[in-house]
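Participant: For reference, the sequence and a predicted model appear below.
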Amino acid sequence: MKRDFLNLSDAGSHGVAAILNDALDLKSARKNKPKGAVDDDKSLAHHALAMIFEKNSTRTRASFDMGIKQLGGSSMIMDAGSMQLGRGETIADTARVLSRYVDAIMLRTNDHDKVQSLAHHASVPVINGLTDLSHPCQMCADMLTIIEYGKALSGLNIAWFGDGNNVANSLIEAAGLMKFNLKLALPTGFDPNQEFVRQARNRGAQIDIIRDPLLAAKDADIIMTDTWVSMGQDGGDAIISKMMPYQVNEAIMSAAKDDALFMHCLPAHAEEEATQSVLDSGQAVIFDQAENRLHAQKSILRWCFGLI
């Protein structure tokens, strides 16, 4: 049975833990190696990954491309403007055709239904590189970063600020699977997907939606935020105005624990979702997160192929 990675729940708690442990091992094994060097085990030699981008990308594109190459495989990068996905050809037929050429497909798009349809009709694993609903690959990199800084996920207190967006949805899902506590400081009208909240609570997670940002930050181990206005989203100025009370600033960081980490999946907009001083602080681990997209992506691929 093929393994798709559309949300964290596809892997489950044991699968996510295996991905994180594998990523730690892969990263450690590459210490001091040139970025272009192939991993010693060449575990995905002769495997090919097709990457389809309907939304622009820096980290997703670079990390999957380098990741499959470091594992000994190859990649094919396809942009929306250069192919027929959902236009002159159905998603189902695209899935069937690409399944004849490659061993896995990654899609980065707006509509989550597209990645679900692609997975349904493909005979090879399909990975969600981002949709408007969720971003499980980013969350694996974030959890990997937290573990690297010596913080166990179980029982951790994480506070999220700003929009209940796709990354927030995956964070909620992660809380349910990995048993950490989550407070989301959000303006009215920007709550996360309620089905993600329901499922996480059913798994025993404490998920609190809070309108007071200082209350959400109190005693937090991790402070997280994300870009307030996504690519192509309308009404940016109005959204930013509503979000400003939830900016991560010195007062927010002071309310958290002394050793709290600040996390942002990038790209960041200084003086909007976070102040420049927070982004530049010693508590910020944003570029560790960015690097860990590479290591997490490699282990996601290995999980999809049943190697972990």
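Facilitator: Structure received. Residues are numbered from 1 along each chain as shown.
Participant: pLDDT below threshold where in the stretch 1-150 of the chain?
Facilitator: For the stretch 1-150 of the chain, the stretches with pLDDT under 70 are 84-87.
Participant: ok, which stretches of it are helices?
Facilitator: Along the stretch 1-150 of the chain, the stretches classed as helices by DSSP state H, counting those that start in this stretch are 12-29, 59-70, 91-99, 112-121, 136-148.
Participant: Out of those, flag the one nearest Lys218.
Facilitator: helix 136-148 (19.0 Å; CB to CB). The way it works is simple: take the backbone N, C-alpha and C, and place the C-beta from them, glycine included.
Participant: mind checking how far the closest one is from the chain centre?
Facilitator: With CA atoms, centre = their mean, to the nearest Å as the basis, helix 136-148 stands 7 Å off its chain's centre.
Participant: do stretch 266-279 as well
Facilitator: Using CA atoms, centre = their mean, the offset of stretch 266-279 from its chain centre is 19 Å.
Participant: Give me the buried positions along that stretch.
Facilitator: Leu266, Ala268, Glu272, Glu273, Ala274, Thr275, Val278, Leu279 (16 or more other CB atoms under 10 Å).
Participant: Turn those into CSV, columns for secondary structure, pLDDT and distance to Ile240.
Facilitator: Formatted as CSV, those follow (DSSP: H, G, I helix; E, B strand; the rest coil; pLDDT from 0 to 100; distance: CB to CB, whole Å):
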residue, secondary structure, pLDDT, distance to Ile240
Leu266, coil, 97, 18
Ala268, coil, 96, 14
Glu272, coil, 96, 6
Glu273, coil, 98, 9
Ala274, strand, 98, 13
Thr275, coil, 98, 14
Val278, helix, 98, 17
Leu279, helix, 98, 17
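Participant: from those, which is closest to Leu118?
Facilitator: Among these, and counting by CB to CB, the member closest to Leu118 is Leu266, at 25.9 Å.
Participant: Pretty sure the closest one sits against Ala290.
Facilitator: Yes: counting by CB atoms under 8 Å, Leu266 touches Ala290, with 5.7 Å between them.
Participant: residues shared between the contacts of those two?
Facilitator: Common contacts of Leu266 and Ala290, defined by CB atoms under 8 Å, 6 or more residues apart in numbering, comprise Arg59.
Participant: Would you map the helices across the stretch 201-308 of the chain?
Facilitator: Using DSSP H, counting those that start in this stretch, helices in the stretch 201-308 of the chain cover 213-217, 236-243, 250-255, 276-279, 286-304.
Participant: Format these as a markdown table; extra columns: distance to Asp41.
Facilitator: Below are the helices of the stretch 201-308 of the chain laid out as a markdown table (distance: least, CB to CB, whole Å):
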| stretch | distance to Asp41 |
| --- | --- |
| helix 213-217 | 42 |
| helix 236-243 | 45 |
| helix 250-255 | 41 |
| helix 276-279 | 37 |
| helix 286-304 | 10 |
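Participant: ok now do Ala274, which residues does it touch?
Facilitator: Thr225, Gln247, Val248, Asn249, Phe262, His264, Ala268.
Participant: One more pass at 7 Å, please.
Facilitator: Thr225, Gln247, Val248, His264, Ala268 (CB atoms under 7 Å, 6 or more residues apart in numbering).
Participant: Okay, now the unreliable bits of the stretch 151-300 of the chain?
Facilitator: Applying pLDDT under 70 to the stretch 151-300 of the chain flags residues 231-235.
Participant: if we can go back for a sec, out of the buried residues of stretch 266-279, name the two that are farthest from one another.
Facilitator: Leu266 and Thr275 (15.6 Å).
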